[in-house]
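Participant: What shape does this take:
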Amino acid sequence: MFGINGAEFLVLLVVAVVVVGPERLPRYAEQLAHAVRRFRAFVGDAKERVATELGDDADLASLAQVMSTLRALRTFGGGEARRVSSDG
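Facilitator: Residues are numbered from 1 along each chain as shown. Prediction:
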């Protein structure tokens, strides 16, 4: 999901144990899991709301493609993104 392989995850886990300490690590892990659950629920609600607002005619695949194109323009061609937005 984040582009982390097993060895990198193991290194992150060891660093977390050293930095946080083994006594507090379970509490922090629980808080992180809770935050991830809340974030996933938020994303699910947002997707549901977008689908409701756009209706059955929504082509979410093309919408995702447009969004990725806009992100690429913003990242790699800031001037292009400004020009597109000033035309509209």
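
Participant: how close does Y28 get to S62?
Facilitator: Distance of Y28 to S62, given as C-beta to C-beta, to the nearest Å: 41 Å. Bear in mind the C-beta positions are built from the backbone N, C-alpha and C, glycine included.

Participant: Looking at these two, which one has more neighbours?
Facilitator: Legend: neighbour count by other C-beta atoms under 10 Å for Y28 and S62, higher for Y28 (13 against 9).

Participant: so what's the more buried one up against?
Facilitator: Residues counted as contacts of Y28 (C-beta atoms under 8 Å, 6 or more residues apart in numbering) are A16, V20.

Participant: measure it to G21 for me?
Facilitator: From Y28 to G21 the distance is 9 Å (C-beta to C-beta).

Participant: Where does pLDDT dip in the protein?
Facilitator: 1-2, 56-60, 76-88 (pLDDT under 70).
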